[in-house]
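**Student:** Have a look; sequence and predicted model below, questions after that.
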Amino acid sequence: MDQEALLGLGPYSLNREEKTALYRRELAGLTRRHRAGCREYRRLLEALGVPEGGELAPEDAPMLPVGLFKEMDLCSVPREAVFKTLTSSGTTGAQVSRIFLDAETSAMQQRALYRIGESFIGDRRLPFLVLDSKRALRDRAMFSARGAGILGFSIFGGRTCYALDEDMALDLDGVRRFLDGRQGEKLLLFGFTYMIWKHVVRALEERGERLDLSGSILIHGGGWKKLAGQAVSQDEFKDRVRRALGVETVLDYYGMAEQTGGIYMECPCGHLHASVWSDVIIRRSEDYGVCAVGEPGVIESLSLLPRSYPGHAVLTEDLGVLLGEDDCPCGRLGKYFAVTGRVPRAEVRGCSDTYEG
Amino acid sequence: MTNLEKYDKLFLEAFRLQPEELPGLKYRGIQAWDSVGHMDLMSAMEETFGISISTPDLLDFSSYEKGKEILAKYGVEV
């Protein structure tokens, strides 16, 4: 399918049968493309004995463990075609993923993100309150996942205010000035879950302050790992955000630097949804067999967007559970699921450990 | 200043280019016109011409030439 047609699909318009047919075709094409373009990927498939050509069921497409993007440079285009290198946030000191984007992939990611976000936010650009510091955007050639997230969502934003200063302190005066004259207006708030919790919600609570952003929409992502460490549940996060900021609509998303653009947005029913440009397969950690609905396992994420690096089928280090397919009460077709945690360290290392380069 | 002069100036200043580099210039065609550069350019366009560009148009604004077509939709003849 050509790019125009692919990106022209309704984000949640394909049922199981249609999506499976699309993915059989498209994943085979992407595997061929990356096999031809990326030497390391080709050697890996050869080492794993994956035969060339031929369509496979989506669950049989060769997948790369996400850790591999930290261990080697996986790139399917000539270096001079790399327009941007994206890095996963990673904790300080830990190795980060390096994702090589060419202009084509970058444009496709932006358009897919637009189509997904549009169905939640609308196509009118809203005043944009970034619940982060401008510092996250500093190094332009080498974006962190945080910078890429802010920038990705900035296409939905008009006038912009960064709520945190360079030292990650809440600039309440700056925010109030920005809100001045915008009472009751719909704003787009965006940030990373943990940053919002620590530097906005907790900061407001400690100062005994509140904002009234009713009618606005808050989108947040970046995972729950750090918050779960502080024993903050998703429900409590939402409640406290609503109380501190007065914003009613609080939507989480799940995404990763390795597959930017094709994010999984939370619907009003509280379920994360796969759009037509990405999909999840939940796998048993013992044998990587496919889990049934309701059975927890490791999340594999498929994406039809990566053209410049072999990231179309990635085994993540996240745990999740498939909640259903094509039948969410919100009306969106496709799979819907929940992320339940992280794979304990060292468990999902099999594939990359056996690869000898 | 004519609209064309204003339009050109925004590109020249945003991306530090020479006028002869403008024809055929594409979004993601040079390092400076990346997504950060793009959002800055769009804000500058909005401010200079007093318009508010929709997200689809912002994504369609893919080259120096295409931008003129987009602005025409907002009644700005470049």
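**Tutor:** Received, thanks. Here the structure is a predicted model, which is why all the values come from computation and not from measurement. Numbers count the residues shown, from 1 in each chain, chains lettered A, B, ... in the order given.
**Student:** so the closest residue to chain A within chain B is in which element?
**Tutor:** Nearest residue of chain B to chain A: residue B:28, at 3.9 Å (CB to the nearest CB). Yep, even glycine has a C-beta here, placed from its N, CA and C like the rest. Using DSSP states H and E, residue B:28 maps to neither a helix nor a strand.
**Student:** Spatially nearest residue to it (excluding sequence neighbours)?
**Tutor:** residue A:103 (3.9 Å; CB to CB, 6 or more residues apart in numbering or on different chains).
**Student:** what separates that neighbour from residue A:41, distance-wise?
**Tutor:** 21 Å (CB to CB, to the nearest Å).
**Student:** Tell me, how many residues neighbour the residue of chain B closest to chain A?
**Tutor:** For residue B:28, the neighbour count with other CB atoms under 10 Å in any protein chain shown is 20.
**Student:** ok, now which ones touch residue 30?
**Tutor:** Went with chain A since none was named. Residues near residue A:30 by CB atoms under 8 Å, 6 or more residues apart in numbering or on different chains: A:304, A:306-307, A:310, A:312.
**Student:** meant chain B actually
**Tutor:** B:15, B:17.
**Student:** if we can go back for a sec, closest one of the contacts of residue A:30 to chain B?
**Tutor:** residue A:307 (13.2 Å).
**Student:** Under a three-state scheme, what state does that closest one occupy?
**Tutor:** Counting by DSSP: H, G, I helix; E, B strand; the rest coil, the backbone at residue A:307 sits in coil.
**Student:** Not counting its neighbours along the chain, what's nearest it?
**Tutor:** Using CB to CB, 6+ apart and skipping residues adjacent in sequence, the residue nearest residue A:307 is residue A:105, 4.5 Å away.
**Student:** Could you do residue B:7 as well?
**Tutor:** Nearest residue to residue B:7, sequence neighbours excluded (CB to CB, 6+ apart): residue B:78, at 4.7 Å.
**Student:** Provide the backbone phi and psi angles at the residue nearest in space to the middle of chain A.
**Tutor:** The centre of chain A sits closest to residue A:255, judged by CA atoms, centre = their mean, with a distance of 1.4 Å. Residue A:255 has phi and psi values of phi -160, psi 170 when expressed as degrees, to the nearest 10.
**Student:** Now stretch A:95-106: buried residues?
**Tutor:** A:96-106 (16 or more other CB atoms under 10 Å in any protein chain shown).
**Student:** Keeping just the C-alphas, turn that stretch into CSV.
**Tutor:** Only the C-alpha atoms of stretch A:95-106 are listed here, as CSV (Å, rounded to 0.1, in the frame of the first residue of the first chain):
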residue,chain,number,x,y,z
GLN,A,95,22.7,2.7,27.6
VAL,A,96,20.1,4.4,25.4
SER,A,97,18.5,3.3,22.2
ARG,A,98,19.6,5.1,19.1
ILE,A,99,17.0,5.3,16.4
PHE,A,100,18.0,6.6,13.0
LEU,A,101,15.3,8.5,11.1
ASP,A,102,15.3,9.6,7.5
ALA,A,103,13.1,12.4,6.2
GLU,A,104,10.5,9.9,5.0
THR,A,105,10.1,8.0,8.3
SER,A,106,10.1,11.3,10.2
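**Student:** who touches that stretch?
**Tutor:** Outside of stretch A:95-106, the residues within contact range by CB under 8 Å, 6+ apart are A:3, A:66, A:69-71, A:73-75, A:77, A:81-90, A:109, A:257-258, A:260, A:305-309, A:311, B:28-29, B:35.
**Student:** Filter these down to the buried ones.
**Tutor:** A:66, A:69-70, A:74-75, A:77, A:82-84, A:86-89, A:109, A:257-258, A:260, A:305-309, A:311, B:28, B:35.
**Student:** Next secondary structure element downstream of the longest helix along chain B?
**Tutor:** In chain B, assigned by DSSP state H, the helix with the most residues is helix B:35-49. The helix or strand immediately downstream of helix B:35-49 is helix B:55-60, counting by DSSP H and E.
**Student:** Do the helix or strand containing residue B:70 and chain A come into contact?
**Tutor:** According to DSSP H and E, residue B:70 maps onto helix B:64-73. No - applying CB under 8 Å from any CB of the partner chain, one finds helix B:64-73 out of contact with chain A, separated by at least 13.0 Å.
**Student:** close enough to count as contact, residue A:223 and residue A:193?
**Tutor:** Yes - if you go by CB atoms under 8 Å, residue A:223 and residue A:193 touch, sitting 6.5 Å apart.
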